[in-house]
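Colleague: quick one: sequence plus predicted model below, questions after.
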Amino acid sequence: MKTINPTLIKDNFIEIISKEWMLVSAGDKDKFNMMTASWGGAGELWGKHVVFVFVRPERYTRGFIEEKGWFTLSFLGDEYKKVHAVCGSKSGRDIDKVAATGLTPYFTENGNPCFEESRLTLECKILYTSEIEKDKFKDVSLFDRWYNEASGNPHLVYVAEIVNAWEK
């Protein structure tokens, strides 16, 4: 992996997050988890290069994010849809996702998990967290559509500084 300045990333984040998807990973060498996400974005905020991601509170990965205050985003490429299917539908509480997916984890200097197979990896430190709230929606039908018994609880929004970025 080659270290790059986040401003040099050529990917269209709308495309890669919504179509390629990403793994959100958190924890340390002793214990970590990863989950598939397709909601988020990247940009400039508070004078920093940031990402924002959405994680439902019931997700196992959320506890690792909260405990550590860091996470990584791994963009694997379209050829890893089966990995995303496992990481998006199975809980790390129940299975060993590394064994199930065949991914090869490694850990950053800050101790955060990421994967050798990733074509683009962002290491992120949390700056701000908030919960999606129904009374803040201008169009409540969006809340009703995405947050219900079938879909799950309202997401937590994490805004995080991109501290490091690597690409193959």
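Modeller: Perfect, I can see it now.

Colleague: the lowest-mean-pLDDT helix or strand in the chain: partners in the sheet, and parallel or antiparallel?
Modeller: Sorted by mean pLDDT, DSSP states H and E, the helices and strands of the chain end with strand 2-3, the least confident at a mean of 92. Paired neighbours of strand 2-3 in the sheet (DSSP bridges): strand 156-167 (antiparallel).

Colleague: next one: the partner strand to chain centre, how far?
Modeller: Centroid separation between strand 156-167 and its chain, computed with CA atoms, centre = their mean, to the nearest Å, is 9 Å.

Colleague: for stretch 51-67, same thing?
Modeller: 8 Å.

Colleague: ok, stretch 122-139 next?
Modeller: Counting by CA atoms, centre = their mean, stretch 122-139 comes out at 13 Å from the chain centroid.

Colleague: pull the number of nearby residues for T121.
Modeller: For T121, the count of nearby residues is 26 (other CB atoms under 10 Å). For glycine as for every other residue, the C-beta is placed from the backbone atoms N, C-alpha and C.

Colleague: counting by contacts, list what the helix or strand encompassing it packs against.
Modeller: Take DSSP states H and E as the rule and T121 turns out to sit in strand 120-131. Based on contacts counted as 3 or more CB pairs under 8 Å, 6 or more residues apart in numbering; DSSP states H and E, the elements that strand 120-131 packs against are strand 48-55, strand 70-75, strand 113-115, strand 156-167.

Colleague: now render those as TSV, adding distance to G41 and mean pLDDT.
Modeller: Below are these laid out as TSV (distance: least, CB to CB, whole Å; pLDDT from 0 to 100):
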stretch	distance to G41	mean pLDDT
strand 48-55	5	98
strand 70-75	11	98
strand 113-115	20	98
strand 156-167	10	97
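
Colleague: name the residues of the strand holding T121 that are buried.
Modeller: 120-126 (16 or more other CB atoms under 10 Å).

Colleague: distance check, D78 against R93.
Modeller: 28 Å (CB to CB, to the nearest Å).
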